[in-house]
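**Q** Compute the structure for the input listed below.
(one chain, ligands or ions: 2)
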Amino acid sequence: MHKYSKNLNKVIYRASIVNPINSSRCSFYKDGGLLIDNGVIEEVNCFDNVLKNASPDVPVIELNGVISPGFVDVHLHWVQYKVKGLYSGELLTWLRESIWPEESHYVDVELATSAARNFYDDLLRAGTVMGLSYSSPHAHATQIAIDLMRGDWVVGNVLMGINAPNYLTDFSLHDSDTLKAFMSNIDLRHYAVTPRFAPNLSQFQLKALGEIAIDSGVIIQTHLAESREEVEWVRKLFPEADNYTDVYDRAGLLGRKTVLGHCIEMSDSEWRCLAERGCWVAHCPTSNEALGNRRMPLEKLREYNIPYALATDIGAGPSHSMLHVLQRFLSLHRDAGVNIDHEDALYRATLAGAEAMGRGLIAGNLCAGKRADFILLPGMGPRDHWAGWLEDCISGSMSELETRPLGTWLGGKKVS
Ligand code: GUN
Ligand code: ZN
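**A** Ligands and ions are numbered 1, 2, ... in the order given. Model (predicted):
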């Protein structure tokens, strides 16, 4: 065997590197080195140190820009990708008049297949490498989204039994035996039990789903308290529950593997409940803005120490770009007098999302032993601090932000 053959799969990328560590810390190397072995990160450091530690035969690839971990989007509806930003208005009317008819098209296998290809292409182009995704109720659409997946996704067919048109409920797998049979044929690492939201299921149905999710250990994702009309509807539908959160809590749906979209119209006792159960919140600022919902009270998440990560919520969110989400996230809260540090913002768009997905030890940032999923963003120019560079990176129009990344790598391979 050639004496250096063990290094055949190694490569060093040389560029500036920004690497979120937690909500208050981010490493930055102006002249950084990222050593990758067989798709896995071996070392991140300043370039000179990485070079010194590596064998002399390891190739060096110089990249012109800033390497960052790829983005993680913890709440989107891939079956709404074609109509993202096309419709807006009050949540319930928007669902009934625009979104549910759109999702009905995913009964068509060919349409779903080409839509999934297009969706993953565009997400990688925008720098998103993993996330949590809602599908339509159709079993095959979820299967297609998992089979054609590029990156690391967890997908769930929305479960909806009542208070929705038959053209969707007829395909829903919420019946326990049907769902168990479906789950027995699917890779559960990529599956989430996905009650669409409380109004689409009875208390009995929700409880059955809670049991299946706990038994199988999969992620649970659903919507919670996104709009005032929705909360009012839930109050009428579930008079026995103390509040919206309590509907899910009684069903056993709240735990550390639960990711709740939105959480805007919440009372203090509901925040306390989420904190006690260890739930994650998927915060979707661009969606909330587009549908005219209120600002998610970030200060409450902080007060109750509730973990959260950022998301686009396509198709209510008008763009699949997490740079766009970052732009609006910083701006909306800052305008309300709530400050967000740059370290926190970058963490919420990357590592926090991987943690919400239970993948914090294998993905989400650039640490030894993790999957080499990263992106290249434009260089810093004369800037000498990465915070100013981040502000530059997130400024511009939606379409500029969607194509701002200069490249995306999955497991060390360039894919976009
Ligand atoms: N609540 C229930 N379904 C949906 C959906 O598809 N999008 C959003 N934003 N909220 C929902
Ligand atoms: Zn949603």
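
**Q** Okay, and residue 140 sits in which element?
**A** Element membership of residue 140, judged by DSSP states H and E, is helix 139-147.

**Q** Show me what whichever residue of the stretch 151-300 of the chain sits closest to ligand 2 is bridged to.
**A** Closest residue of the stretch 151-300 of the chain to ligand 2, CB to the ion: residue 261 (4.8 Å). (Each C-beta comes from the backbone N, C-alpha and C, glycine too.) Here residue 261 sits in beta bridges with residue 223, residue 282, as judged by DSSP bridges.

**Q** give the contact list for it.
**A** 75, 221-224, 226, 281-282, 284, 311, 313 (CB atoms under 8 Å, 6 or more residues apart in numbering).

**Q** let's go with 10 Å and repeat that
**A** For residue 261, the contact set (CB atoms under 10 Å, 6 or more residues apart in numbering) comprises 74-77, 132, 134, 197, 221-226, 281-284, 287, 311, 313, 316.

**Q** Then residue 228?
**A** Contacts of residue 228 (CB under 10 Å, 6+ apart): 90-91, 264-265, 293-294.

**Q** Filter those down to just the buried residues.
**A** 91, 264-265, 293 (16 or more other CB atoms under 10 Å).

**Q** Would you state the strands of the stretch 51-200 of the chain in chain order?
**A** 60-69, 71-77, 128-135, 152-159, 192-195 (DSSP state E, counting those that start in this stretch).

**Q** which one of those strands lies closest to ligand 1?
**A** strand 71-77 (5.1 Å; CB to the nearest ligand atom).

**Q** sorry, back to before: which positions within the helix holding residue 140 qualify as buried?
**A** So helix 139-147, judged by 16+ other CB under 10 Å, has buried residues 139-146.

**Q** again, but for stretch 222-237
**A** So, applying 16+ other CB under 10 Å, buried residues of stretch 222-237: 222-227, 230-231, 233-234, 237.

**Q** Mean confidence (pLDDT) on it, please.
**A** Stretch 222-237 shows a mean pLDDT of 98.

**Q** can you tell me if that stretch touches ligand 1.
**A** Yes. Using CB under 6 Å from any ligand atom, stretch 222-237 reaches ligand 1 at 223, 226.

**Q** which secondary structure element contains residue 239?
**A** Going by DSSP H and E, residue 239 is not part of any helix or strand.

**Q** next one: residue 33
**A** Counting by DSSP H and E, residue 33 is part of strand 25-37.

**Q** Could you list every helix and strand in contact with the top helix by length along the chain?
**A** In the chain, taking DSSP state H as the definition, the longest helix is helix 109-125. Counting contacts by 3 or more CB pairs under 10 Å, 6 or more residues apart in numbering; DSSP states H and E, helix 109-125 packs against strand 71-77, strand 128-135, helix 139-147, strand 152-159, helix 398-402, strand 407-410.
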